[in-house]
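1. take this sequence and fold it.
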Amino acid sequence: MASAEIRNKIFDTPSTSYLNNAKGWKSWAFTLDHKRIGLMYLIGVTAALILAGIFALVLRSHLFSYKGAMLSDDMYNQMFTLHGAIMVFSFIIPSVPAALGNFVLPMMLGAKDVAFPRMNLASFYLWIIGTGCLFAAILSGRGLDTGWTFYTPYSIDTSTAVIFATFGAFVLGFSSIFTGLNFLVTINTMRAPGQTWFKLPLFLWSLYATSIIQVLATPVLGITLLLLIAERTMHIGIFDPTYGGDPVLFQHFFWFYSHPAVYIMILPAMGVISELISVYSQKRIFGYSFIAFSSVAIALLGFLVWGHHMFTSGQSPVVTLIFSAITFTVAIPSAVKVFNWLATLYKGSILLNTPMCYALSFIFLFGIGGLTGLFLGTLSVDIHLHDTYFVVAHFHFVMVGGTLTAFLGGLFHWWPKMFGRMYNDFMGRVGCFLVFAGFNLTFFPQFVMGSRGMPRRYASYDPEFQIFHQLSTVGAFVLGIGIVLSFVVLVYAAFRGKRCGSNPFRAASLEWQTSSPPDFHNFIHKPVMTDPYDFDSQVYDETLDTYIPRELADPAKVPPRKTPAHH
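-> The predicted structure is shown next:
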């Protein structure tokens, strides 16, 4: 048992933390501290989200009227291309792993830092360089109008800044690989004594599976984009039919990376949801092993389904049939997660605070995104729905309705740990409601439009679709207000929020066994190894106004266990 002095030293708000351990811009620019790097990533990806979101609002404003008088056709094409490229490559892919993952992964392992701190910092600067190249496409004056997929042969012929953008995506791929390698080695080699694979938080399982995809799939994208640059500069005949190349080959290469990249985006989000659902229902996660192995199954099956993006490209019927069947198969591990989350909620002591509201929003939105994917995996239906607004809505329900809501939920969950201050929970829930309502109002009408034949990426449309576009535009602005409000609540809390203890939510994973904000070295004591989902292992300490492990509590004040530790 720890004495009162030791408990206070471990869990009380420290006079020095990772935030003020060293001062000056150089202490941030050259830091090797994973927490500071995670915070810099957080600022960067948030800026990318805001910029890409502004592009989206301009697009929706243009589409409010079927006459589409706001933007020229060329400007419209550039706007939706840069919205997609920045949102996918600079925000969604790095958001949860690089920002939240970097901050909490070593602490969840009871470690001081990641395995390769310098590689970690390098990954952040590669992200800066890659995102800067995407911005250079804007600032060059030529823009980018290929769509975020850079499809050939148009990306070879257009006079826009394709090389700037593709080189940026290439560099961002290196950033992703560095992060994946770091996480794989860190989880394999730096777990706390006694922390076996099946005592890892499920968030770490999801990051591990994501890292496998990042390391194996991202080089394919990098080589493909380099070949595209070579094609534009040297005309060597890989994708350009004029020189004997095959444009469809580019699609195969691109989607061999980009469909696994969908799981780079959504798997970490699923890991966040596993933590939120369990903590805020104060109940052991249902089917731990099934959720853990489903992350690995998604990572592996994700490599085998790229062809379902190409049902209309002239593939042989046998190949399309195989890809369709595997597409249905990959839905199974995702469904395993959803059913286990719902089973965890059953008879749980549910706390409807802001993180839990985002978790419940995720289940609803991701459920719709997953179910509508079954339509697109069905050969006969996909022929009609391909390249319509149905695809736009499906993709956004999975990526934005999934990844963005989990990212915001994770931020609200770990924000008190990051800054030692609590946010206004009521305003956080208002922001969540606006995000949820605005998102559904934006993308539900697009399912109707798509099923009625409205093509995506068109700058104008028939008057019959105007009411759906108007609803979608209003929803986009509501969604934008909700996101902005959420960030305002968090930023205000970081500076003016009420101070909170080290573990205000009675979570049981190791990152809550240090002060808030954490010490520069993460832990000033050896963390007590507990089951990350054994919430009865945490007891309330009145002096510290927080939850601490039973082993460190005053024995005279420890209540008896409600359930056996092995339950």
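
2. need the residues that contact stretch 141-157.
-> Contacts with stretch 141-157, where a contact means C-beta atoms under 8 Å, 6 or more residues apart in numbering, come from 74-75, 77-78, 80-82, 84-85, 87-89, 137-138, 158-162, 164-166, 169, 225, 228, 231-232, 239-242, 245, 247, 250-251, 254, 258, 457. From N, CA and C alone the C-beta is placed, and that goes for glycine too.

3. what comes up buried for that stretch?
-> For stretch 141-157, burial by neighbour count (16 or more other C-beta atoms under 10 Å) applies to 143-153, 155-156.

4. now swap in stretch 9-19 and tell me
-> Buried residues in stretch 9-19, counting neighbours by 16+ other C-beta under 10 Å, are found at 10-12, 14, 17-19.

5. okay, and which of the residues you listed map to helices?
-> 10-11 (DSSP state H).

6. if we can go back for a sec, now, among the buried residues of stretch 141-157, which is nearest to Leu267?
-> Trp148 (20.3 Å; C-beta to C-beta).

7. next, work out how far apart that closest one and Tyr41 are.
-> 21 Å (C-beta to C-beta, to the nearest Å).

8. same thing with Val319?
-> 39 Å.

9. swap in Ile326?
-> Per C-beta to C-beta, Ile326 is found 33 Å from Tyr41.

10. those two: who's more crowded?
-> Tyr41 (26 against 18; other C-beta atoms under 10 Å).

11. tell me the helix or strand right after the helix or strand hosting that one.
-> Assigned by DSSP states H and E, Tyr41 falls within helix 34-62. The C-terminal neighbour of helix 34-62 among helices and strands, as given by DSSP H and E, is helix 73-85.

12. thinking Pro504 is in contact with Gly420, fair?
-> No: counting by C-beta atoms under 8 Å, Pro504 does not reach Gly420; the two are 10.1 Å apart.

13. who has more neighbours out of those two?
-> Between Pro504 and Gly420, counted using other C-beta under 10 Å, Gly420 has the larger neighbour count: 21 against 15.

14. find the residue closest to the more buried one in space, skipping its chain neighbours.
-> Ser516 (4.0 Å; C-beta to C-beta, 6 or more residues apart in numbering).

15. then His235?
-> Nearest residue to His235, sequence neighbours excluded (C-beta to C-beta, 6+ apart): Tyr243, at 5.5 Å.

16. that neighbour: what's it in contact with?
-> 235-237.

17. and Val539, that's in a strand?
-> Yes: judged by DSSP: H, G, I helix; E, B strand; the rest coil, Val539 forms part of a strand.

18. give the burial count for it, as a bare number.
-> 18.

19. let me see the ranges of the strands in the stretch 401-550 of the chain.
-> In the stretch 401-550 of the chain, the strands defined using DSSP state E, counting those that start in this stretch lie at 421-422, 498-499, 538-541, 546-549.

20. give me whichever of those strands is most buried.
-> Among these, ranked by average contacts under mean count of other C-beta atoms under 10 Å, first place goes to strand 546-549 (a mean of 22).

21. can I get stretch 98-109 in CSV? Just the C-alpha atoms.
-> The C-alpha trace of stretch 98-109 is given here as CSV (Å, rounded to 0.1, in the frame of the first residue of the first chain):
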residue,chain,number,x,y,z
ALA,A,98,-0.9,10.0,-35.1
ALA,A,99,-2.7,12.5,-32.7
LEU,A,100,-4.5,10.4,-30.1
GLY,A,101,-2.4,7.3,-30.6
ASN,A,102,0.9,9.1,-30.2
PHE,A,103,-0.3,10.7,-27.0
VAL,A,104,-1.7,7.7,-25.2
LEU,A,105,-0.1,4.5,-26.7
PRO,A,106,3.1,4.6,-24.6
MET,A,107,1.2,5.4,-21.4
MET,A,108,-1.2,2.6,-22.1
LEU,A,109,1.8,0.3,-22.2
